[in-house]
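Trainee: here is a sequence together with a model predicted from it:
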Amino acid sequence: MKSHLLLLRVVLNEMGTRCCTSTSRDFKTITARCQTEGLSFLTIALPQFCSDFEKSLDSSAVDPSSFSGFEKKGCIPVFLRGFTGQVFDSVTGCLLDTPSIDAIHALRQICLLFGKVNLPCNTTRTAAAIRKYVECEKDVRLQDKNLDPILLDQFKQMSWSVFQNVFNLLDRKVFEGDLIPKHGPGATADRLFGNEKYEQAVWTRRLERVFPHEEYLFPSWNPLVDSSDVDILEPGAEIPVRVITVPKTLKTPRIIAIEPTCMQYMQQALMRELVSSIERDDFLSVVIGFDDQIPNQEMAREGSLKGALATLDLSEASDRVSNQLVRGMVEPWHWLASAVDATRSRKADVPGFGVLRLAKYASMGSALCFPFEAMVFFTIILLGIQDELRHPLSSRDISSLLGKVRVYGDDIIVPVEFVRSVTEKLQAFGLVVNLNKSFWTGRFRESCGKEYFSGEDVSIVRVRENLPTSRRHVQEIMSTVSLRNQMYFAGNWETAAWLDEWLGKLIPFPVVLPTSPALGRHSFLGYSSERECPRLHKPLVRAYRESSTPPLSHLDGRGALLKYFLLSSGSNHEDDYQPATDGNHLERAGRPKTVNIKLGWVSST
């Protein structure tokens, strides 16, 4: 924790200088609290302090219950008072007429610096997250039972009118067998890895009814191919998804579900067509996003500046989308509905709870989770707006929402005048609006990793890994190089200079352009050159660069031919580590088990 405190002291001093305030007492408080509370003060208590600060910005006043655990003098806490005093009146707790943007940014940078450091939670918090996952599943099942049939019918009618063109196209493609599956690079519930996935010999009866295995597991229809080796699993014998936890914050881990190989294989086929169909639609491509977060960020900035747009965030968004809603959404399209049901895993193997039957549509890990949750959320938003307007939405009403409503995962933007009705409607369908991360009354907005106050960007830079102390700490070195460069371009030059010195003790750290593959310093002042490439006449520097090799995974015969056809069909290569043009892809495949750095002469441009 010593390195964390050293870095935080540099950030504190730089932010204090920028805001013309002393931070010596604040650092003493941090040091004392860390001695008694450990790393959790930096990773949990300080982010909670910032959360209370942001909600105070949204309500334009400090709530008496805010900043619990911190001594107050007047209405604002003593801790970081030099910053909060430039934003709120210390006597009344009200937001100042002209609060300091620098102070808002500085407080957020200090408190959130270690908020998402990549460290595993302790066993108690991990167990609590698993229990919450199971409780969430019970909530979804209860919500299905109690959902008003009239409300469900309204949901169906709205989704059909909005997505009918997309569903018509997908229904035809499923019927004609015009889908191209794809294997991802990640883990699978049946533990197939790399090229092993192209020789999978397990299918399900539900998949077989819609996607016959002869058409999707073999490179061609050949009567000489013996498909009897494929094990067709009945519904009761299907492999459940494997629920695991991955680091998110030290307060709580992220829970994902690892799908069986055959499921993710066909989920990718459906997802590819579903997403591309939405992105080709002139209206849906504007209101629903899958790859581009910038529109959400720009709308959040506009909302903070003009106050007309609200940013909403949902808790446990994926796990609270009921399968009943997704089934109702695609109900009139027989082939599509059959495909969506066939590619959904019905059971989950939850640590400590065994195999449970699922009421949710899918957890994170399913390729179809993200697009369907966005479509469900958008449909419910329209129902909320319809309630507020008190008349059925016409095509003109829906078209008028362009530039005012957008959904990117669980990041939602709606007009402020519809917030009440939209949140009520979301809750009516069993979803939970995270009020700590939803903003609409003040001038603070947050969406897709960007935060704004009164139109000014107050986004911050976060530490993702521990600081390296040895050249063997490869992941930490690469992360800290990224941290340094982000700090530099954020204008935190003192912090960047301190990181330059820290990294310079471990690796050569020359100045390079952001386009260079070298692990180096980025600068507004150009780049350095130590020699010239005799063949390409490029400037070179001696530096480290990332070096990783996919693990050995030999593939030949039928599986190799299937992979060749899939790569040639436009379904993209199977992962980001293995280019389709790489002639070695039949010998090595999958995510590298380790990532290394290699010293050599590297282009500085």
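Mentor: Arrived safely. Residues are numbered from 1 along each chain as shown.

Trainee: now do the same contact list for the nearest residue to Pro592 once chain neighbours are set aside.
Mentor: Spatial nearest neighbour of Pro592, excluding adjacent residues (C-beta to C-beta, 6 or more residues apart in numbering): Ser548 at 4.0 Å. Where C-beta positions appear, they are placed from N, C-alpha and C, glycine not excepted. Under the criterion of C-beta atoms under 8 Å, 6 or more residues apart in numbering, the neighbours of Ser548 are 577, 592, 594-596.

Trainee: so which of those residues wins on neighbours?
Mentor: Neighbour counts for those (other C-beta atoms under 10 Å) peak at Tyr577, which has 18 neighbours.

Trainee: quote the end-to-end distance of stretch 187-197.
Mentor: One end of stretch 187-197 to the other measures 10 Å (C-alpha to C-alpha, to the nearest Å).

Trainee: contacts for that stretch?
Mentor: Stretch 187-197 is contacted from outside by 183, 200, 202, 239-242, 258-261, 264-265, 349, 550-551, 553-555, 559, 563, 574, 586, 588-590, using C-beta under 8 Å, 6+ apart.

Trainee: gap between it and the chain center?
Mentor: On the basis of C-alpha atoms, centre = their mean, to the nearest Å, stretch 187-197 sits 23 Å off its chain's mean C-alpha point.

Trainee: check which residues of it are buried.
Mentor: 187-190, 192-197 (16 or more other C-beta atoms under 10 Å).

Trainee: helix or strand right after the helix or strand of the chain with the lowest mean pLDDT?
Mentor: In the chain, no helix or strand scores lower on mean pLDDT, DSSP states H and E than helix 557-568, which sits at a mean of 88. Next helix or strand after helix 557-568 toward the C-terminus (DSSP states H and E): strand 596-603.

Trainee: what's that following strand packed up against?
Mentor: If you count contacts as 3 or more C-beta pairs under 8 Å, 6 or more residues apart in numbering; DSSP states H and E, strand 596-603 packs onto helix 474-489, strand 539-547.

Trainee: out of those, which comes closest to Ile507?
Mentor: strand 539-547 (5.2 Å; C-beta to C-beta).

Trainee: where does pLDDT dip in the stretch 201-350 of the chain?
Mentor: In the prediction, the stretch 201-350 of the chain carries residues with pLDDT under 70 at positions 222-228.

Trainee: what ranges do the helices span in it?
Mentor: In the stretch 201-350 of the chain, the helices defined using DSSP state H, counting those that start in this stretch lie at 205-210, 213-216, 261-280, 284-287, 294-306, 323-329, 334-342.

Trainee: and the fourth one, what does it pack onto?
Mentor: Yep, that's helix 284-287 we're talking about. Partner elements for helix 284-287 (3+ C-beta pairs under 8 Å, 6+ apart): helix 149-176, helix 261-280, strand 406-408.

Trainee: give me the number of residues near the nearest residue to Leu393 once chain neighbours are set aside?
Mentor: Leaving aside its chain neighbours, Leu393 sits nearest to Gln386 (4.9 Å; criterion: C-beta to C-beta, 6+ apart). Gln386 sits with 19 neighbouring residues when counted by other C-beta under 10 Å.

Trainee: I figured Gln386 was touching Leu401, is that so?
Mentor: No. Look at Gln386 against Leu401 with C-beta atoms under 8 Å: they stay out of range, at 11.2 Å.

Trainee: wait, a strand at Val414?
Mentor: Yes. Assigned with DSSP: H, G, I helix; E, B strand; the rest coil, Val414 falls within a strand.

Trainee: beta partners for it?
Mentor: Counting by DSSP bridges, Val414 forms beta bridges with Ala310.

Trainee: that one contacts Gly403, doesn't it?
Mentor: No. Counting by C-beta under 8 Å, Val414 sits too far from Gly403 to count as a contact (11.8 Å).

Trainee: about what we covered before: check what pLDDT the residue nearest to Leu393 gets.
Mentor: Here the pLDDT value assigned to Gln386 is 96.

Trainee: how is this structure divided into domains?
Mentor: 2-115, 123-190+239-453, 474-551+590-603 (automatic domain parsing).

Trainee: can you say which of these is nearest to Glu465?
Mentor: domain 474-551+590-603 (3.8 Å).

Trainee: I'd like the distance from the closest one to the chain centre, please.
Mentor: 26 Å.

Trainee: from one end of that domain to the other, what's the distance?
Mentor: 21 Å.

Trainee: swap in stretch 251-267?
Mentor: End to end - C-alpha to C-alpha - stretch 251-267 spans 32 Å.

Trainee: the chain should start at 125 in everything you say after this.
Mentor: In the new numbering, first residue 125, that becomes stretch 375-391.

Trainee: in that stretch, which residues are buried?
Mentor: Those would be 375, 377, 379-391, for stretch 375-391 by 16+ other C-beta under 10 Å.

Trainee: dump the C-alpha coordinates for stretch 465-472 into CSV.
Mentor: C-alpha atoms of stretch 465-472 as CSV (Å, rounded to 0.1, in the frame of the first residue of the first chain):
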residue,chain,number,x,y,z
ASP,A,465,-34.9,-19.9,-27.1
ALA,A,466,-32.6,-22.5,-28.5
THR,A,467,-29.5,-20.4,-27.9
ARG,A,468,-30.4,-19.5,-24.3
SER,A,469,-29.0,-21.6,-21.5
ARG,A,470,-31.7,-22.5,-19.0
LYS,A,471,-29.6,-23.5,-16.1
ALA,A,472,-26.6,-22.1,-14.2
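
Trainee: re the thing from before, what angle separates the least confident helix or strand of the chain from helix 385-404?
Mentor: If you take axes from the mean of the first three to the mean of the last three C-alpha atoms, to 10 degrees, helix 681-692 sits at 10 degrees to helix 385-404.

Trainee: restrict helix 681-692 to CA atoms and write it as CSV.
Mentor: Taking Å, rounded to 0.1, in the frame of the first residue of the first chain, the C-alpha atoms of helix 681-692 are listed here in CSV:
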residue,chain,number,x,y,z
GLY,A,681,-8.8,-32.4,-40.9
ARG,A,682,-12.5,-31.5,-40.7
GLY,A,683,-12.1,-28.9,-38.0
ALA,A,684,-9.4,-27.1,-40.0
LEU,A,685,-11.6,-27.0,-43.1
LEU,A,686,-14.5,-25.7,-41.0
LYS,A,687,-12.3,-22.9,-39.6
TYR,A,688,-11.1,-21.9,-43.0
PHE,A,689,-14.6,-21.6,-44.3
LEU,A,690,-15.7,-19.6,-41.3
LEU,A,691,-12.8,-17.2,-41.6
SER,A,692,-13.4,-16.8,-45.3
